[in-house]
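Asks: Please work out how this folds:
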Amino acid sequence: MSPTVVFSALGVVCALTCASACASAPPAPVPVSDGRYVMGTVLEVELVADEPALARRGLEQAFAEATALDGLLSRFEPASEVSRLNDGAGGEPIAVDPRVREILVRAQRGAAATDGAFDVTVGPVVDAWIRAAELDRPPDERERDRAIARVGASRIRIAEDGRVALEPGMSIDLGGLAKGFALDRIAADLRRAGISSGFLSFGQSSVQALGQPPGAPAWRLLLRAPAGGFAGTLALRDRALSVSSSLE
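Replies: Next comes the predicted model:
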């Protein structure tokens, strides 16, 4: 066999070997992303999966859960369960969705852990400042005292049967908790669906990192500095982060 023939034969063997290896190699992970307006801001989701169809189903699942929670937890949605609780403050206990009960239990734990610095029953204080802004003046001492007297997460009555009641004048505002709660639930749903890599950002103030992106040890965020510009980078892997919008 001449050298030329030997070279050609080896080339065919190499080509067939490569084709066989490529055919047996797992497909490269495919990133799929989308963003939609929900909970008063934009939820941006990027998911990575071997099957694009799985990632797309994950996207739809994420936005569906966020929309459902918005319909339950927003105090600005008249038909939400939080609005029903606020409107019924001082009345009989109301049966609520298990997710509403869960977030209120977490809220009470957060209030106890922070000695009341974090309190979702701050609604009367928020309302007092909204009215003051409309009048272009801060609330006076009497208005502040009246609002603060209605605050206290420990006074949310949560029964074992899932019903919830507020004392007269109380009002719940979940603005400091709802987005993070939604991201926790969405991340858990995605993992159960078989998606272990992704990044979720709720208005850039609450983020959730699932696993790691392809070819990197963690998801990297560029951090803004309070005075402008950028303060550096942060790496997240299977972690969540929430910041004040004024310090993001």
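Asks: residues in contact with the nearest residue to Thr41 once chain neighbours are set aside?
Replies: Once flanking residues are discounted, Thr41 sits nearest to Gly203: 3.3 Å by Cβ to Cβ, 6 or more residues apart in numbering. Any C-beta I mention is one placed from the backbone N, CA and C, and that applies to glycine too. Contacts for Gly203 (Cβ atoms under 8 Å, 6 or more residues apart in numbering) come out as Gly40, Thr41, Val42, Leu43, Lys179, Ser245.
Asks: Out of the residues you listed, which sit inside helices?
Replies: Lys179 (DSSP state H).
Asks: Strands along the chain, start to end?
Replies: 30-38, 41-49, 94-95, 157-158, 163-165, 197-202, 206-210, 219-224, 230-236, 239-242 (DSSP state E).
Asks: what about the ones you listed, which gets the closest to Gly116?
Replies: strand 157-158 (17.5 Å; Cβ to Cβ).
Asks: What lies in contact with the closest one?
Replies: Strand 157-158 is touched from outside by Pro93, Arg101, Leu104, Val105, Gln108, Val164, Ala165, Leu166, Glu167, with contacts defined as Cβ under 8 Å, 6+ apart.
Asks: what sits against the residue lying closest to the second one once chain neighbours are set aside?
Replies: Nearest non-adjacent residue to Arg101, counting by Cβ to Cβ, 6+ apart: Gly162, 5.4 Å away. Under the criterion of Cβ under 8 Å, 6+ apart, the neighbours of Gly162 are Ala95, Val96, Pro98, Arg101.
Asks: Could you single out the nearest of these to Gly229?
Replies: Relative to Gly229, and with distances defined as Cβ to Cβ, the nearest of the contacts of Gly162 is Arg101, at 43.2 Å.
Asks: Identify each buried residue in stretch 228-247, please.
Replies: Within stretch 228-247, the residues that count as buried by 16 or more other Cβ atoms under 10 Å are Leu236, Leu241.
Asks: can you check stretch 147-159 too?
Replies: For stretch 147-159, the neighbour count (16+ other Cβ under 10 Å) marks Ala147, Arg150, Val151, Ala153, Ile156, Ile158 as buried.
Asks: Just the closest of these to Leu183, please.
Replies: Using Cβ to Cβ, Ala153 is the member of those that sits closest to Leu183, with 21.4 Å.
Asks: Can you give me every residue that contacts Ile195?
Replies: So Ile195 contacts Leu47, Val48, Ala49, Leu54, Ala55, Gly58, Leu210 (Cβ under 8 Å, 6+ apart).
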